[in-house]
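Visitor: coordinates only, no sequence provided:
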């Protein structure tokens, strides 16, 4: 099997390494708009060949994995569409699914039926090909979000590969996916970024960060994620995320009132609801 | 040295265990309003004797450690004040300092000069005497916030004990302490509680929690903290916390606008400021 990897970062690189370790891939050709990352991917043996464009990368590939920030997906789909082999399967790992599917439907033409949208629930605080790891997906979840037109054979092929690299596979609709991850991933990232940015803007920021304890470091770990990747996610999933954020701001307004009025009953009731859910 | 431990939870219990391990204490008498915790503290060997009241606990003690949620501190100070030995030193571990000092000044009378306000930056996601650990404070920070009237001898005694159990000691004013920890501890706890409470209120909560990845679990770990302890902290430090929360809500309002208008430039700028601060 010849894999074209578009985007040689943490997730794409780890997928290629894991497939190679599982003996599922004969050759990996890579493309990335960042030439240093591409060169490093060759040095690290993650890819066998570097292509000079996404179009070139896909020409003889059986499987095309798009592993770029979701904001780039549309341009990539448009570029590769005319160059796909007749039976090639295209898949992605974007953190949002409905927007990617809309773009794929528009750009891929007949090949849309071989586009398998997906999202592995795995990551690291550090991005980049340097951190690619063949074991990244072990015991993680892969969310598969095929639509009515998606060919069953293509879905099975992609899901089988994710199982091969260690994932449990769960299917859901793109809308379900986007609602769930707006709440448990996109909003927490936004809040962590916002809190750290707020402290960073303080004249006393250095001292504040130096005095922060373990709880703060756990809470803000995800704020070390890629700004480009996450701003793309926020915009691509703006429907669901905007709703969650609005709800969150309403709740924070209620908590502000409770603090200002020394209303410990409201505070304890909200905090207990949270703690109870984690128990 | 005879230690009176008022509040036999994670922090107080760990302090008593660590002092005992360091050979710094001859006897520990404990009191807690929760009788089960008190009984368990005897069973676990954390305290040698249980007192029937805070007053009784302090009668022959050289050092009184108040390790309860800060909302209880005032009543405890009032109760113990008439029963303190002439040279007894009183200290605490409250997460807010200005409010505790105001209460101590009012309740302790002449003994206020032997009240050493402090705050160890250490904790666990699980509270309670069961999790008390003699090594909890190793390589952690202890913030000492004496005021002008605090006797230097009392400050040195308390700081020396915290060094003995493994802490680095840093002094700051109570106001400085409260401002710093509003930003790096109290606000993150509030946000984590709020996010988890929001998801818990969703009809699809079970599924959402089940699909959450490692980033979510890191982010929300502190929402498993004690609701009573943290609602006390929020109210005790409401001045500084309310300011931080208001700033945070303003920033979230700006991010909401950016999401709704697909303004990736603003999103990336805020996210990059955060990531840069963590690098």
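Guide: Here it is on my side, so go on. These numbers were taken from a predicted model, which means no experiment stands behind them. Numbering: from 1, shown residues only, chains lettered A, B, ... in the order given.
Visitor: immediately after the lengthiest helix in chain A, which helix or strand?
Guide: Looking across chain A with DSSP state H, the single longest helix is helix A:238-260. Heading C-terminal from helix A:238-260, the first helix or strand you meet, by DSSP states H and E, is helix A:264-278.
Visitor: so which elements touch that next one?
Guide: Helix A:264-278 sits against helix A:238-260, helix B:187-200, helix B:227-236, with contacts defined as 3 or more C-beta pairs under 8 Å, 6 or more residues apart in numbering or on different chains; DSSP states H and E. Where you see a C-beta, it was placed from the backbone N, CA and C, and this is true even at glycine.
Visitor: ok now the longest helix of chain A, how far from the chain's centre?
Guide: Put simply, helix A:238-260 sits 25 Å off its chain's centre (C-alpha atoms, centre = their mean, to the nearest Å).
Visitor: swap in stretch A:135-147?
Guide: The answer for stretch A:135-147 is 11 Å, by C-alpha atoms, centre = their mean.
Visitor: check which residues of it are buried.
Guide: A:136, A:137, A:140, A:141, A:142, A:143, A:144, A:145, A:146, A:147 (16 or more other C-beta atoms under 10 Å in any protein chain shown).
Visitor: any residue of it touching chain B?
Guide: Yes: shown here: stretch A:135-147 in contact with chain B (C-beta under 8 Å from any C-beta of the partner chain) through A:140, A:141, A:143.
Visitor: for burial, what's the neighbour tally of the nearest residue to residue A:233 once chain neighbours are set aside?
Guide: Closest residue in space to residue A:233, ignoring its immediate chain neighbours: residue A:95 at 4.7 Å, by C-beta to C-beta, 6 or more residues apart in numbering or on different chains. Each residue near residue A:95 was counted by other C-beta atoms under 10 Å in any protein chain shown, and the total is 25.
Visitor: could you do residue A:211 as well?
Guide: By other C-beta under 10 Å, neighbour count at residue A:211 equals 21.
Visitor: any idea of the pLDDT on it?
Guide: pLDDT, residue A:211: 93.
Visitor: what of residue A:123?
Guide: 79.
Visitor: residue A:203 and chain B, how far apart?
Guide: 11 Å (C-beta to the nearest C-beta, to the nearest Å).
Visitor: sorry, back to before: buried ones in the longest helix of chain A, by neighbour count?
Guide: Those would be A:238-241, A:244-245, A:247-249, A:251-252, A:255-256, A:258-259, for helix A:238-260 by 16+ other C-beta under 10 Å.
Visitor: now the helices for the stretch 1-150 of chain A?
Guide: A:10-21, A:35-43, A:54-58, A:73-80, A:98-108 (DSSP state H, counting those that start in this stretch).
Visitor: residue in the stretch 1-150 of chain A nearest to chain B?
Guide: residue A:121 (4.3 Å; C-beta to the nearest C-beta).
Visitor: mind listing what the residue nearest to residue A:228 when sequence neighbours are not counted touches?
Guide: In space, residue A:228 comes closest to residue A:69 once its chain neighbours are excluded; the distance is 5.2 Å by C-beta to C-beta, 6+ apart. Residues in contact with residue A:69 (C-beta atoms under 8 Å, 6 or more residues apart in numbering or on different chains) are A:7, A:226, A:228, A:229, A:232, A:233.
Visitor: phi, psi of residue A:69?
Guide: Residue A:69 adopts backbone torsions of phi -50, psi 140, taken as degrees, to the nearest 10.
Visitor: any idea how far it is from residue A:11?
Guide: Residue A:69 sits 11 Å away from residue A:11, going by C-beta to C-beta, to the nearest Å.
Visitor: ok, residue A:133 touching residue A:14?
Guide: Yes: with contact defined as C-beta atoms under 8 Å, residue A:133 reaches residue A:14; the gap is 5.3 Å.
Visitor: between the two, which is the more surrounded one?
Guide: Neighbours were counted for residue A:133 and for residue A:14 using other C-beta under 10 Å; residue A:14 has more, 26 against 14.
Visitor: so who does the more buried one touch?
Guide: Contacts of residue A:14 by C-beta under 8 Å, 6+ apart are A:122, A:132, A:133, A:134, A:136, A:137.
Visitor: ok, of these, which one's closest to residue B:100?
Guide: residue A:122 (44.0 Å; C-beta to C-beta).
Visitor: residue contacts, the residue nearest to that closest one when sequence neighbours are not counted?
Guide: Leaving aside its chain neighbours, residue A:122 sits nearest to residue A:140 (4.2 Å; criterion: C-beta to C-beta, 6+ apart). Contacts for residue A:140 (C-beta under 8 Å, 6+ apart) come out as A:120, A:121, A:122, A:166, A:167, A:168, B:213.
Visitor: pull out the buried members of those.
Guide: Here, 16+ other C-beta under 10 Å leaves A:120, A:121, A:122, A:166, A:167, B:213 buried among these.
Visitor: and the fifth one, how far from residue A:14?
Guide: Meaning residue A:167. 12 Å.
Visitor: could you do the first one as well?
Guide: Summarising the geometry, the distance separating residue A:120 from residue A:14, computed by C-beta to C-beta, is 9 Å.
Visitor: find the residues that touch each one of those two.
Guide: Joint contacts of residue A:120 and residue A:14 (C-beta under 8 Å, 6+ apart) are residue A:137.
Visitor: among the contacts of residue A:140, which are located in strands?
Guide: Within the contacts of residue A:140, residues falling in strands by DSSP state E are A:120, A:121, A:168.
Visitor: list the residues that contact residue A:204.
Guide: B:179, B:180.
Visitor: hmm, residue A:134 is touching residue A:17, no?
Guide: Yes: with contact defined as C-beta under 8 Å, residue A:134 and residue A:17 form a contacting pair (4.0 Å).
Visitor: neighbour-wise, which of the two wins?
Guide: In terms of neighbours (other C-beta under 10 Å), residue A:17 is the more surrounded of residue A:134 and residue A:17; the figures are 23 against 19.
Visitor: so who does that one touch?
Guide: A:46, A:132, A:133, A:134.
Visitor: what is the nearest of these to residue B:185?
Guide: Among those, and counting by C-beta to C-beta, the member closest to residue B:185 is residue A:133, at 32.4 Å.
Visitor: what are the phi and psi values at that closest one?
Guide: phi -150, psi 120.
Visitor: show me the contacts for it.
Guide: The contact partners of residue A:133, by C-beta under 8 Å, 6+ apart, come to A:14, A:17, A:124.
Visitor: distance to residue A:101 added to these, as a markdown table?
Guide: Formatted as a markdown table, those follow (distance: C-beta to C-beta, whole Å):
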| residue | distance to residue A:101 |
| --- | --- |
| A:14 | 24 |
| A:17 | 27 |
| A:124 | 26 |
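Visitor: show me what the lowest-mean-pLDDT helix or strand in chain A is packed against.
Guide: Lowest on mean pLDDT, DSSP states H and E among the helices and strands of chain A sits helix A:214-220, with a mean of 92. Secondary-structure packing of helix A:214-220 (3+ C-beta pairs under 8 Å, 6+ apart): helix A:187-200, helix B:187-200, helix B:214-220.
Visitor: need those in JSON lines (columns: mean neighbour count).
Guide: Converted to JSON lines, these look like this (neighbours: other C-beta atoms under 10 Å in any protein chain shown):
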{"stretch": "helix A:187-200", "mean neighbour count": "25"}
{"stretch": "helix B:187-200", "mean neighbour count": "25"}
{"stretch": "helix B:214-220", "mean neighbour count": "21"}
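Visitor: can you put these in JSON lines and add distance to residue A:153?
Guide: What follows is these, written out as JSON lines (distance: least, C-beta to C-beta, whole Å):
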{"stretch": "helix A:187-200", "distance to residue A:153": "35"}
{"stretch": "helix B:187-200", "distance to residue A:153": "36"}
{"stretch": "helix B:214-220", "distance to residue A:153": "32"}
